[in-house]
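Colleague: Got a predicted structure here, sequence first:
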Amino acid sequence: MFNWAFQIIRWGIILKEYSESAKWHETIKSFFIGHTFRLVIPGGYAEFLKIYYLNGKHRHGFMAYLVELSSVMLTQIILLVWAGLHLFPHHKWIFISIGIVTIGACAGFPYLKKIRFVKKYLPNPTIRWSLILKSGILTVFSLILISSEYHFIINWAGSISWSAAAQSVIFILFANSVPFTFGGLGVRENVAVYLFGLFGITAPVAVATSLFVFVTNSLMPAFIGLVLMLLHRVVRRTPVSPVQPISSKA
């Protein structure tokens, strides 16, 4: 649940930057609903639909989602380079190249607002590096908690260092963004079996751990989001009884 807290705070900070009307209860509700939509389309790219459960202009919410997605991907790629250099040192130039391309892409962020299409849909204020940095730090804290969860569970039946678990987890989570299966099922488990197998962890332990983390970090918030979606529909469809005028007696 601490992992949920970091993600909610991250979404709230970004959302506040682009939508002053966003309230924290809406932020929390849309966060959980976003997890529900993540299981709808492989790769989790239906999460952006959570913006339709916010008040205000959806354009601002969509911009906030793009900033969140970009900052999370940027942080994961940077950590992926770090993990790749440790796990696969014989392929270090591949990861160094990825790092160089990522830095080049980041350098081009300030020029996005000069593109006519982007300028049309980019609300003020524009993307700020301080916002990307805050989101990145919260993403790192979230990844630390997930890595600690993997490390704690695996060490019940095996032995692995925290750094090795964290490096493997970065690749596992990055594999979730590949749009092959719903919720990353199958892809995540196969990657976990391969990576944890490098450290002598058996396949059943790797699969069981991966599925447990999936339940606690994806399935549980998705279920909460489903309940909130149903409650949201009930609230919207509840008819409001008209106010009867008070009759004055002569």
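Modeller: Arrived safely.
Colleague: what helix or strand is the closest residue to Phe32 other than its chain neighbours on?
Modeller: Counting by Cβ to Cβ, 6 or more residues apart in numbering, the nearest residue to Phe32 once its immediate chain neighbours are dropped is Gly225, at 3.7 Å. From N, CA and C alone the C-beta is placed, and that goes for glycine too. Here Gly225 sits within helix 220-237, counting by DSSP states H and E.
Colleague: Next, Ile201: secondary structure please.
Modeller: Following DSSP: H, G, I helix; E, B strand; the rest coil, Ile201 is assigned to coil.
Colleague: ok, it touching Ile160?
Modeller: Yes: counting by Cβ atoms under 8 Å, Ile201 does reach Ile160; the two are 6.1 Å apart.
Colleague: could you point out where the chain is predicted with low confidence?
Modeller: For the chain, the stretches with pLDDT under 70 are 1, 19-22, 42-44, 56-59, 107-127, 179-184, 233-250.
Colleague: In the chain, what residue spans correspond to helices?
Modeller: Using DSSP state H, the helices assigned to the chain run over residues 2-18, 24-38, 58-87, 92-107, 116-121, 129-157, 162-176, 187-197, 203-214, 220-237.
Colleague: Would you tell me which of those helices gets closest to Glu47?
Modeller: Nearest of the helices of the chain to Glu47, taken as Cβ to Cβ: helix 24-38 at 4.4 Å.
Colleague: Can you tell me what sits against that closest one?
Modeller: The contact list for helix 24-38 (Cβ atoms under 8 Å, 6 or more residues apart in numbering) reads 4, 7-8, 11-12, 15, 44, 46-51, 53-55, 183, 218, 221-226, 228-229, 232.
Colleague: Kindly recompute the last result at 7 Å.
Modeller: Applying Cβ atoms under 7 Å, 6 or more residues apart in numbering, the external contacts of helix 24-38 come out as 7-8, 11-12, 15, 44, 46-47, 49-51, 53-55, 218, 221-222, 224-226, 228-229.
Colleague: dump the residue contacts of the residue nearest to Phe32.
Modeller: Going by Cβ under 7 Å, 6+ apart, Gly225 touches 32-36.
Colleague: so which of those residues is the most crowded?
Modeller: Ranked by the number of neighbours (other Cβ atoms under 10 Å), the contacts of Gly225 place Ile33 first, at 26 neighbours.
Colleague: which non-adjacent residue is nearest that one?
Modeller: The shortest distance from Ile33 to any non-neighbouring residue, by Cβ to Cβ, 6+ apart, is to Gly225 (4.2 Å).
Colleague: what's near enough to touch the nearest residue to Gly158 once chain neighbours are set aside?
Modeller: Leaving aside its sequence neighbours, Gly158 sits nearest to Ile201 (Cβ to Cβ, 6+ apart; 4.7 Å). Ile201 sits next to 154, 158, 160 when contact means Cβ under 7 Å, 6+ apart.
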